[in-house]
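S.K.: Structure for the following, please:
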Amino acid sequence: HPPHPPSSFSSIDTSRSPPLRTGDIELEEPLSSHDWQNMGAATATTAEPESKNLRTFTEEEVSRHTTPGDCWVILHDKVYNVTEYLERHPGGKSVLLRVAGRDASEEFEKFEHSGSARKIAEKYLIGKVCKVEGKGSTNEAENERPVSENVRELVILYGSQKGTGEHLAGNLLKVVNQSGQGVRARMVSMSAFDPEDLPKIPDVIMICSTYEGGLPPVKARFFHKWLSDSVNDFRVDKMMLKATRAAVFGLGNSEYGENFNKAAKDLDKSLRSLGAEMFFPLALGDEASDGGIEKSFRPWSEKVLKYFIDRKTLRQETAELPAASGLVDMEDLGTVMRKAKDEDVNNEDRKKEMLTPALRKNLSKQGYKLIGSHSGVKLCRWTKAMLRGRGGCYKHTFYGIQSYQCMETTPSLACANKCVFCWRHHTNPVGRDWKWAMDDPKLIIEGAISKHQQMIKTMRGVPGVKPERFKEAFNVRHCALSLVGEPIMYPKINEFLKLLHERKISSFLVTNAQFPDPIKNLDPCTQLYVSIDAATKDTLKAVDRPLFNDFWERFIASLTALKSKQFTRSVYRLTLVKQWNMQDVSAYCKLLAIGLPLLIEIKAVTFCGDSKASNLTIKNTPYHTEVCSFGEEICSTFAKMYPEVDRTYKLACEHEHSNCILIADTRLFVEGKWHTWIDYPKFHSLYKEWLESKKEFTAFDYMAETPPWAVYGAREKGFDPVETRVRKRGKQARINRAKRSEQKVEDGSTNDTRKEKI
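M.R.: Numbering: from 1, shown residues only. Next up, the predicted model:
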């Protein structure tokens with residue numbers, strides 16, 4: 001059938017092309033609908049026959065070409081040498097250099113590039129990417145095996161965001177090709193497959209995940225769009241796939257409600273609408289199920305193999321798999337959901353554990369020490385640094401904790417968001433409510449302290465560890481409930497806090513502002529945080545990627561609930577992500593007026609390395625000077641917008657080494673001095689009185705004076721002068737120190753109480 005313009009292009013006014021945005025890779029102006037009709041057999045993907053003779057490169061090989069004189073990029077598993085195109089790029093060469101040496105497919109697809117733009121890219125095509133697994137790519141080798149005339153061919157198409165779909169496709173490829181049953185499979189990414197060839201494929205399996213907002217993965221979007229447009233185009237034969245037998249396996253998470261496996265459902269619907277014979281019902285793998293997606297994929301792939309052995313449809317033979325397996329036939333979804341609702345949700349013995357074997361493996365690999373079925377603890381790097389006398393965390397600077405006596409833990413590894421800056425790369429479970437078996441809070445606390453102490457023991461003999469601090473570190477005095485997940489989801493959080501305070505352990509509890517009722521019902525804790533990751537509804541959805549449909553209403557209700565917490569120090573915690581959430585200061589001030597917190601922490605996002613779950617780079621991390629400027633603007637703008645409010649804010653502290661600042665309510669500025677620190681013995685005394693007689697107290701009853709070195713603008717920049725500053729070796733470090741020394745001479749101040757060593 002003739003090529004046709006996608007429906008979304010039919011109404012585009014190409015005389016007013018949208019401006020190039022930061023990060024976009026635009027090669028040419030978009031085509032009009034008329035241009036689409038004159039493109040012949042051209043498609044928006046690269047031609048598959050040409051790529052078969054291309055040289056293969058590993059991603060590591062491509063990553064070496066990142067300079068203006070040698071610039072390569074990856075687009076949809078193909079490698080392009082764009083060195084000669086740098087000066088001609090409409091957005092300037094910096095746009096291409098930002099993505100040099102890596103996969104730029106997501107940035108490329110943010111703007112709908114025209115067919116002619118993609119044709120221009122073909123001039124610079126030099127190879128394709130070979131995904132390396134260990135020593136060489138097994139999947140690549142499997143794909144290269146020839147298919148004889150007597151062997152039936154199976155094409156496995158995959159659309160993957162984080163690599164799970166590709167991994168499962170590879171597993172199926174090996175199972176089929178090693179079966180010796182007269183069938184040969186090859187796997188192809190949906191980004192590298194020309195959908196025009198689909199009618200020529202007799203047997204195809206599609207494995208596709210669903211990404212944020214119910215969309216398919218970035219690399220699979222053109223393929224999906226081509227199918228859906230074909231369904232809606234009156235010029236396309238609605239039986240064009242009548243010779244194709246197909247099956248679809250979806251990867252999703254049922255916590256996303258109506259968007260659960262939406263991409264796979266849309267694929268299945270489009271294939272049926274175009275006449276394909278579905279030799280298997282749509283299979284919906286559920287990440288939230290017991291055992292995860294891989295456990296459900298295994299029996300499904302075995303049935304696929306049986307189909308090709310028997311040469312017949314197994315629709316009648318496919319038995320219903322239990323909901324716990326994570327695999328649900330689309331036709332049986334309603335029955336399974338009704339059955340699940342009828343179960344006794346109060347029976348703990350029948351509830352599944354939050355931590356599946358796969359999750360345990362992933363989290364343990366990241367250094368977590370897991371407790372029971374839903375909790376974890378990990379040794380903070382600042383705990384280790386302060387044990388060696390190399391400085392404490394920002395909580396030491398802002399609030400006076402001893403970092404080497406702080407335990408970082410959580411009673412709930414699950415979360416209701418999948419934030420773009422998640423430093424756990426989304427390996428923890430997600431959920432909108434508590435649906436798992438529940439451990440006793442005493443078991444969690446005792447397990448956390450025990451495992452924390454075991455990790456402290458590993459610091460024995462480490463060079464620089466101070467003996468007195470090592471001894472004191474076994475006596476936990478502070479607990480940061482911000483490790484990962486959403487601690488306030490744990491139904492027994494108040495009992496958990498009570499047990500902490502009885503042990504004279506202070507509590508710093510962080511919530512993502514999606515559970516307003518638990519915030520209202522929360523007993524006093526030492527300090528309660530609400531994460532403010534964006535200032536508007538649309539930005540919050542883009543940054544936090546929440547599970548709840550009413551996420552914004554929950555967000556506002558959480559801020560309102562925070563305002564009512566008079567027994568605890570309330571904190572807004574802002575994580576700044578450059579080019580994402582630093583634009584609208586006035587909108588942040590409106591949120592500030594709702595909760596009127598005592599304190600505002602503003603911190604630059606921590607870049608934790610490349611992740612397929614997010615497209616953040618180190619360039620999204622603002623400099624400390626930018627964080628400070630943002631904080632100053634918050635203070636001045638709030639004062640202008642709300643002159644009638646009996647509340648003013650000023651910058652009180654900074655911790656340059658964490659790229660973090662603290663804004664405080666000026667009521668903490670007493671007799672010319674800031675009082676952001678905490679009198680911990682006083683807090684425990686006040687809490688005990690409240691527990692026994694419900695005697696009320698406020699955050700001002702346990703404030704303590706902030707030392708001069710911790711105050712914003714101090715020469716120390718938040719670094720405790722009794723600690724030893726350890727700087728990295730290197731020319732740039734020496735240059736920076738020399739500049740600061742020259743500045744001190746100009747300022748007439750040469751005394752520096754800080755110890756420094758290389």
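
S.K.: these two touch, right, Ser254 and Gly285?
M.R.: No: taking C-beta atoms under 8 Å as the definition, Ser254 is not a contact partner of Gly285, at 10.1 Å. Every C-beta, even on glycine, is put in place using the N, C-alpha and C of the backbone.

S.K.: Which one's more surrounded, these two?
M.R.: Taking neighbours as other C-beta atoms under 10 Å, Ser254 and Gly285 compare with Gly285 leading, 28 against 20.

S.K.: how about the nearest residue to the more buried one, chain neighbours excluded?
M.R.: Nearest residue to Gly285, sequence neighbours excluded (C-beta to C-beta, 6 or more residues apart in numbering): Ile293, at 4.0 Å.

S.K.: Which of the helices or strands spans that neighbour?
M.R.: Following DSSP states H and E, one finds Ile293 within helix 292-310.

S.K.: pLDDT on that helix, on average?
M.R.: Across helix 292-310, pLDDT averages out at 80.

S.K.: Check stretch 726-745 too.
M.R.: In this model, stretch 726-745 carries a mean pLDDT of 61.

S.K.: now stretch 81-100
M.R.: Throughout stretch 81-100, pLDDT has a mean value of 86.

S.K.: For it, buried residues please.
M.R.: Neighbour counts using 16 or more other C-beta atoms under 10 Å place 81-83, 85-86, 89, 91, 93, 95-100 of stretch 81-100 among the buried residues.

S.K.: nearest to Asn581, of these?
M.R.: Comparing those against Asn581 with C-beta to C-beta places Arg98 closest, at 19.5 Å.

S.K.: For Thr66, see how far away that closest one is.
M.R.: Here the criterion is C-beta to C-beta, to the nearest Å. By it, Arg98 lies 10 Å from Thr66.

S.K.: Below-threshold pLDDT in the stretch 251-400 of the chain: ranges please.
M.R.: The model of the stretch 251-400 of the chain has pLDDT under 70 over residues 291, 309-350.

S.K.: let's go with 80 and repeat that
M.R.: For the stretch 251-400 of the chain, applying pLDDT under 80 flags the ranges 288-292, 295, 305, 307-351, 356, 358-359, 362.

S.K.: Please enumerate the helices of it.
M.R.: Under the criterion DSSP state H, counting those that start in this stretch, helices of the stretch 251-400 of the chain are mapped to 262-273, 292-310, 333-342, 357-365, 381-387, 394-399.

S.K.: Any chance of these in JSON lines with distance to Val188 and mean neighbour count as columns?
M.R.: Shown next, in JSON lines, are those (distance: least, C-beta to C-beta, whole Å; neighbours: other C-beta atoms under 10 Å):
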{"stretch": "helix 262-273", "distance to Val188": "15", "mean neighbour count": "21"}
{"stretch": "helix 292-310", "distance to Val188": "17", "mean neighbour count": "18"}
{"stretch": "helix 333-342", "distance to Val188": "29", "mean neighbour count": "12"}
{"stretch": "helix 357-365", "distance to Val188": "26", "mean neighbour count": "15"}
{"stretch": "helix 381-387", "distance to Val188": "42", "mean neighbour count": "21"}
{"stretch": "helix 394-399", "distance to Val188": "48", "mean neighbour count": "26"}
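
S.K.: and these as a markdown table, adding distance to Lys174?
M.R.: Formatted as a markdown table, these follow (distance: least, C-beta to C-beta, whole Å):
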| stretch | distance to Lys174 |
| --- | --- |
| helix 262-273 | 22 |
| helix 292-310 | 10 |
| helix 333-342 | 30 |
| helix 357-365 | 19 |
| helix 381-387 | 40 |
| helix 394-399 | 48 |
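
S.K.: Ser658 contacts Gly391, correct?
M.R.: No: contact between Ser658 and Gly391 fails when scored by C-beta under 8 Å: they sit 9.9 Å apart.

S.K.: What distance separates the opening and closing residues of stretch 228-244?
M.R.: One end of stretch 228-244 to the other measures 17 Å (C-alpha to C-alpha, to the nearest Å).

S.K.: do the same with stretch 686-706
M.R.: 21 Å.

S.K.: same check, this time on stretch 60-72
M.R.: End-to-end distance for stretch 60-72: 12 Å, by C-alpha to C-alpha.

S.K.: re earlier: got TSV for the buried residues of stretch 81-100, with secondary structure and distance to Val585 too?
M.R.: Output for the buried residues of stretch 81-100, formatted as TSV (DSSP: H, G, I helix; E, B strand; the rest coil; distance: C-beta to C-beta, whole Å):
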residue	secondary structure	distance to Val585
Asn81	strand	42
Val82	coil	37
Thr83	helix	40
Tyr85	helix	38
Leu86	helix	35
His89	coil	33
Gly91	coil	27
Lys93	helix	32
Val95	helix	27
Leu96	helix	32
Leu97	helix	30
Arg98	helix	26
Val99	coil	29
Ala100	coil	33
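
S.K.: What's opposite Val155 in the beta bridge?
M.R.: Beta bridges link Val155 to Arg186, Val204 when assigned by DSSP bridges.

S.K.: can I assume it is in contact with Ala192?
M.R.: No: in this structure Val155 lies outside contact range of Ala192 using C-beta under 8 Å: 11.8 Å.

S.K.: By neighbour count, which bits of stretch 164-174 are buried? Give me those.
M.R.: Thr164, Gly165, Glu166, His167, Leu168, Ala169, Gly170, Asn171, Leu172, Leu173.
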